[in-house]
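A.B. asks: What would the 3D arrangement of this be:
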Amino acid sequence: MNSVRSEIGKLENYVLGSSAAIITNIGLIVGLGSAHAAKGAILSGLLTIALADNISDSLGIRLYKESEGYGERMSRLATLLNFLSRLVVSFTFIVIVYLFPIRQATIGAIGWALLLLTIVSYLITKEHGQNSLLGIIKRVMVAVIVIALSLCAGSITAGFVG
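C.D. replies: Model prediction:
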């Protein structure tokens, strides 16, 4: 039972799932938003990420944990924690897009993504005794790159289709 409590308290069981959800969701919102997709299409994409991509990612975590010899119980727990963290993060983006017009939702989602990444980065760096500012900058830069690429991809797509 102590090993289960210990595993539940491990930051690593939440970080991978939540950071992947943050980056994937913000990329989809910005990309589809810049392609002038309808709100329903963006919400559908976000829901697909929350479910299908989440299941796929969680399976990857499960296989990784099993290959590392974590055992059935610990692998299952790590998989569940990853799934739940991704699901919760994904639903926060769904709520933002649902509640606001696309333009405001995109701006809000970008701010939310950067805030969440800052918090996750801070927690990681503090746990490992690293420079928090440097860790935050590195991870936020990844998000900025994803946002820029998604914006370009959506704009290019809109130019070809629209």
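
A.B. asks: Look at the residue nearest the centre of the chain and report its pLDDT.
C.D. replies: Averaging the C-alpha coordinates of the chain gives a centre point, and the residue nearest to it by Cα atoms, centre = their mean is Ala21 (1.5 Å). Predicted confidence (pLDDT) at Ala21: the value is 92.

A.B. asks: That one against Ile49, yeah?
C.D. replies: Yes: counting by Cβ atoms under 8 Å, Ala21 sits close enough to Ile49 to count as a contact (7.4 Å). Just so you know, the C-beta spots here come from the backbone N, C-alpha and C atoms, and that holds for glycine as well.

A.B. asks: in this structure, which ranges drop under the pLDDT threshold?
C.D. replies: For the chain, applying pLDDT under 70 flags the ranges 1-16, 162.

A.B. asks: Tell me which stretches of it form helices.
C.D. replies: Counting by DSSP state H, one finds helices in the chain at the ranges 2-8, 12-34, 39-48, 54-67, 72-99, 102-127, 132-161.

A.B. asks: Pick the most buried one from those.
C.D. replies: When those are scored by mean count of other Cβ atoms under 10 Å, the highest mean neighbour count falls to helix 12-34 (a mean of 22).

A.B. asks: Report the contact partners of the residue lying closest to Ser34 once chain neighbours are set aside.
C.D. replies: Nearest in space to Ser34, with sequence neighbours left out and distances taken as Cβ to Cβ, 6 or more residues apart in numbering, is Gly154 at 3.2 Å. With contact taken as Cβ atoms under 8 Å, 6 or more residues apart in numbering, Gly154 is in contact with 30-35, 37.
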